[in-house]
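Peer 1: Sequence and computational prediction follow.
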Amino acid sequence: MDPGPPVVIRGLNHWFGAGEARKQALYDIDLTIARGSLTAVVGPSGSGKTTVLTLVGCLREVQEGSVRLLGHELRHAKPNLLMLLRRRLGFIFQAHNLHDSLTAIENVRMGLQVHGAMDPRREIEAAGHALALLGLADRMDYLPANLSGGQKQRVAIARALVGNPDLILADEPTAALDRESGSNVVDILMRLGKARGTTTIMVTHDGRILDRADRIVTLEEGRIVADTAPFAG
């Protein structure tokens, strides 16, 4: 049975603030994301890119319109459903958000522990594999203070990938990475898309990603103004 597209957005509007300070951030967004694809979302600062990402990620309440995530409507969704859906997502933010007192492998293991009890040996094996994929096999026992900015970001990416999420939501994930590391991250995300059907939505200004993304969606002032590959089906 075809589970359908992982993300379907219709007539999405969003505001920030209240009263006279209330300002509209998104205008009538319609977007359907194909399973297994890597979609790059681009646009100038303040165009609404991260707002879309946080709404899809159940980090903000849907105010008007419809957002269907993995077959479930998010508007008026109950907190327990939102919690279950978040567990099926992988988040990569500009700030790596690592715990300073935990080693690289311990930080990555946290990406598994949201799913409940697992054999510690399996956790360590999975976390080590994710770090090795990102070129950090020799940094597993390092604390964040002893890692470079790019290495910290790669640990954060490993943490997002380790639980084999259905959907990865990434906000400028390669901004702190050199060319080789950034290319490696894109390779991994594209392989996951082909092998497992993992879908990636990535806010980025990185031209290296734009050259390889399946689709580029451009936002300006809260509106979609260009879409290189509209979903058909």
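Peer 2: Perfect, I can see it now.
Peer 1: Give me the buried positions along stretch 197-205.
Peer 2: Using 16 or more other CB atoms under 10 Å as the burial criterion, the residues of stretch 197-205 that qualify are 198-204. C-beta here means a position set from N, CA and C on the backbone, and glycine is covered the same way.
Peer 1: any weak-confidence spans in this structure?
Peer 2: In the predicted model of the chain, residues 1-2, 115-117, 230-233 satisfy pLDDT under 70.
Peer 1: remind me, longest helix of it?
Peer 2: Longest helix in the chain by number of residues (criterion: DSSP state H): helix 179-196.
Peer 1: and it, how far out from the chain's middle?
Peer 2: Its chain's average C-alpha position is 13 Å from that of helix 179-196, according to CA atoms, centre = their mean, to the nearest Å.
Peer 1: list the helices and strands it packs on?
Peer 2: strand 38-42, helix 149-161, strand 199-203, helix 207-210 (3 or more CB pairs under 8 Å, 6 or more residues apart in numbering; DSSP states H and E).
Peer 1: Which residues belonging to it are considered buried?
Peer 2: For helix 179-196, by 16+ other CB under 10 Å, it's 181-182, 184-186, 188-190, 192-193.
Peer 1: For this protein, just list every one of the helices.
Peer 2: Going by DSSP H, the chain shows helices at 49-56, 79-86, 104-113, 120-133, 149-161, 179-196, 207-210.
Peer 1: got the buried residues of helix 179-196 as a markdown table, with distance to residue 36 columns?
Peer 2: Putting those into a markdown table (distance: CB to CB, whole Å) gives the following:
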| residue | distance to residue 36 |
| --- | --- |
| 181 | 23 |
| 182 | 21 |
| 184 | 19 |
| 185 | 17 |
| 186 | 14 |
| 188 | 14 |
| 189 | 10 |
| 190 | 9 |
| 192 | 8 |
| 193 | 4 |
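Peer 1: List just the nearest of those to residue 51.
Peer 2: Closest approach to residue 51 among the buried residues of helix 179-196 (CB to CB): residue 189, at 22.1 Å.
Peer 1: Arrange the buried residues of stretch 197-205 in JSON lines, one row each, with distance to residue 37 as further columns.
Peer 2: What follows is these, written out as JSON lines (distance: CB to CB, whole Å):
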{"residue": "198", "distance to residue 37": "10"}
{"residue": "199", "distance to residue 37": "6"}
{"residue": "200", "distance to residue 37": "7"}
{"residue": "201", "distance to residue 37": "9"}
{"residue": "202", "distance to residue 37": "11"}
{"residue": "203", "distance to residue 37": "15"}
{"residue": "204", "distance to residue 37": "15"}
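Peer 1: Just the closest of the residues you listed to residue 85, please.
Peer 2: residue 199 (13.6 Å).
Peer 1: residues contacting that closest one?
Peer 2: 6-7, 33-39, 166-168, 193 (CB atoms under 8 Å, 6 or more residues apart in numbering).
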